[in-house]
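[1] Quick one: sequence and predicted model below, then my questions.
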Amino acid sequence: MNRLDDAVMLLHHSGELIGTIAFAASGALMAVRRNLDVVGILLLAVATALGGGILRDVTIGNTPPNAFTDMRYLIAAVVTGMVIFSWRVPARLTRWPLEITDAVGLGMFAVVGTVVAYQWGLSAPGAALLGLMTAVGGGVIRDMLSGQVPSVLRPGEHLYAIPALACAAVVAILLRYTDYQAWMGLACAVIAISVRLASLKFGWHGPRPWYADDLPDEAA
Amino acid sequence: MNRLDDAVMLLHHSGELIGTIAFAASGALMAVRRNLDVVGILLLAVATALGGGILRDVTIGNTPPNAFTDMRYLIAAVVTGMVIFSWRVPARLTRWPLEITDAVGLGMFAVVGTVVAYQWGLSAPGAALLGLMTAVGGGVIRDMLSGQVPSVLRPGEHLYAIPALACAAVVAILLRYTDYQAWMGLACAVIAISVRLASLKFGWHGPRPWYADDLPDEAA
Amino acid sequence: MNRLDDAVMLLHHSGELIGTIAFAASGALMAVRRNLDVVGILLLAVATALGGGILRDVTIGNTPPNAFTDMRYLIAAVVTGMVIFSWRVPARLTRWPLEITDAVGLGMFAVVGTVVAYQWGLSAPGAALLGLMTAVGGGVIRDMLSGQVPSVLRPGEHLYAIPALACAAVVAILLRYTDYQAWMGLACAVIAISVRLASLKFGWHGPRPWYADDLPDEAA
């Protein structure tokens, strides 16, 4: 359990906190868009921010999850929600607030989820899969609680799961075969975040089936 | 684990049973509204009634959850579903059957969820958070399985999470700092139920962001 | 834990693998219908195929779930998704590809879920309930991630949960009172799959409440 050094643990905690704040902001911004009141904003901020980690902890058997024992994550999510509630994010400062916060949370949680699962004793492939689940979990919860198809599964969606999975897989390989250092995970997260945002900017897509255009439109 | 007396345990079991029946009724009434058959009515009754408690037990690590080991809750939910299936609730006897049953379940599960989590060893804030999750969990599952945005996150929604959270927080404080008695939890539940129903009757809302009216309607 | 013989274990593993492939195909076919790209197809295939088993394992406390420790299930789901991506299922060979794969997964997972839960120490009724949850879980996850009401809870739906629950209940009774043999579970699964498909073919429904036609259409 304790093969990783203190610097990694520090990054792990910082990264989880940064991811928590980013996802809390994305949940709160979604709630503002959907015209919810202060309670809805805080609930969606907290569910988005803590959801991925709770899913991860419940799945690996780390119960009760960190989110219920370490109140810093809850406080960070609530404070973030209150900031979004009281301060209107200027549109010119940040063109796509929801997309950017979501991407930062995605990258951070992919790394942290993989490290936590690997430390808990999962194999490298299992840890990468759990990193992906942690990364997309919060956003899936946010979208489903908002009555929307999760962005990761929307037709015409840009690259979302791919950078998260690639990041988690690289971290898992580094954990397994190298002397994992904190900066490696951080670099993976930054690359994943950049790829996600670039795919939005430049319209990158995954390939659809070659026969997709021949299909009748039988489902909406 | 056993700092609470037998009377509390009795209330706990009764409260969980009352909450189970109330949520089962709300799930069954929703299924009737949605024109489902007897199987759909029973499934939605059981999922709504047991869902919050299963979420709670899985989250704190009490596996397998009570719902799978103590068949009384399942039987109560199925019987309630069969009653709704065979007996048409007269509209004049109870004006808002779905809202009232939902409120009763909300209050009862907020108290019971907090007590169970606290007894399981969670800190007071963690227990309150879990009480909130238990209270809103069943309704969220019911609404999402019905293809609706959870009522707790609908624009223009009345107070729902606030009374549940306040109730859970007061119970957590009582558990932590006083000699908790069964009637205290019951009183909290009754107040939470009353506040929820009063907010529906009198149209109480939480505040929206000051800039909400300036936002473009970019999302439905 | 080990009262069941090797043949049962073999069927258990084969059945879980068959159910995994069938549900992966149903998820991938749903993704193709919804016009998703290759990432969406693989994600929905994996979530549908592994979702029911992960729900089951997390609920009984078998963490981390098999899906994260035994990579065969993940690989089977990914390969199935890639096959659907690259090979267009001819409409004349299989009239209802999504319905048939879904039915096979339903029957297989009902049996396997019940056996796993019973071996884990749950009572016969608890094991049957968990078998039902395993069987319908993957399909519910697939439908909800696709923005649809789960097929098990759609108005006018044909028999779906009933064959799964009956199958799980019979397996639970056999486990409890007889010398359970592998072929018994297989027979139950085949009957459940046949009943499900026959209900689609011949339009079997469960009864609706006698007063259903008098209800105002207050909800969609």
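    On my side now, so go ahead.
[2] just how off-centre is the longest helix seen in chain A within its chain?
    Criterion DSSP state H: the longest helix present in chain A is helix A:6-33. In this view, helix A:6-33 has its centroid 8 Å away from the chain centroid, taken as Cα atoms, centre = their mean, to the nearest Å.
[3] does chain C sit close to that helix?
    No - interface with chain C: helix A:6-33 contributes nothing (Cβ under 8 Å from any Cβ of the partner chain), its closest point being 15.8 Å away. C-betas here are computed from N, CA, C, even on glycine.
[4] Tell me where the model's unsure across chain A.
    Counting by pLDDT under 70, chain A shows low-confidence ranges at A:1-8, A:89-95, A:213-220.
[5] May I have the phi/psi pair for A:Pro65?
    When quoted as degrees, to the nearest 10, the phi and psi of A:Pro65 stand at phi -60, psi 150.
[6] Next, find the distance separating the nearest residue to it once chain neighbours are set aside from B:Ala124.
    Excluding its sequence neighbours, the residue lying closest to A:Pro65 (Cβ to Cβ, 6 or more residues apart in numbering or on different chains) is A:Asp57, at 3.5 Å. Distance from A:Asp57 to B:Ala124, counting by Cβ to Cβ, to the nearest Å: 20 Å.
[7] So between these two, which is more surrounded?
    A:Asp57 (26 against 18; other Cβ atoms under 10 Å in any protein chain shown).
[8] Quick check: residues of chain A near chain B?
    Checking chain A against chain B by Cβ under 8 Å from any Cβ, the hits are A:30-41, A:43-44, A:54, A:58, A:61, A:63-65, A:67-69, A:71, A:74, A:84-86, A:88, A:144-147.
[9] could you flag which of those are buried?
    A:30-41, A:43-44, A:54, A:58, A:61, A:63-65, A:67-69, A:74, A:84-85, A:144-147 (16 or more other Cβ atoms under 10 Å in any protein chain shown).
[10] Is the host helix or strand of A:Thr134 positioned near chain C?
    Using DSSP states H and E, A:Thr134 maps to helix A:124-145. Yes - for helix A:124-145 and chain C, the contact criterion (Cβ under 8 Å from any Cβ) is met by A:Pro125, A:Gly126, A:Leu129, A:Leu130, A:Val140, A:Met144.
[11] Excluding sequence neighbours, find me the nearest residue to the second one.
    This means A:Gly126. C:Phe68 (4.0 Å).
[12] Now do the contacts for the one you found.
    Neighbour list for C:Phe68: A:Thr59, A:Ile60, A:Ala117, A:Leu122, A:Gly126, A:Leu129, A:Leu130, C:Ile54 [criterion: Cβ atoms under 8 Å, 6 or more residues apart in numbering or on different chains].
[13] Of those, just say which sits nearest to chain B.
    Taking Cβ to the nearest Cβ as the measure, chain B lies nearest A:Thr59 of these, at 10.0 Å.
[14] quick one, what contacts the closest one?
    By Cβ under 8 Å, 6+ apart, the neighbours of A:Thr59 are A:Leu130, A:Met133, C:Ile54, C:Val58, C:Thr63, C:Pro64, C:Pro65, C:Phe68.
[15] Among those residues, which one lies nearest to chain B?
    Using Cβ to the nearest Cβ, the contacts of A:Thr59 come closest to chain B at C:Val58, 5.9 Å.
[16] The closest one against C:Pro65, yeah?
    Yes - applying Cβ atoms under 8 Å, one finds C:Val58 in contact with C:Pro65, separated by 6.2 Å.
[17] tell me the phi and psi of the residue of chain A found nearest chain C?
    Going by Cβ to the nearest Cβ, chain C is nearest to A:Gly61 of chain A, at 3.0 Å. Here is the backbone geometry of A:Gly61 (degrees, to the nearest 10): phi 90, psi 20.
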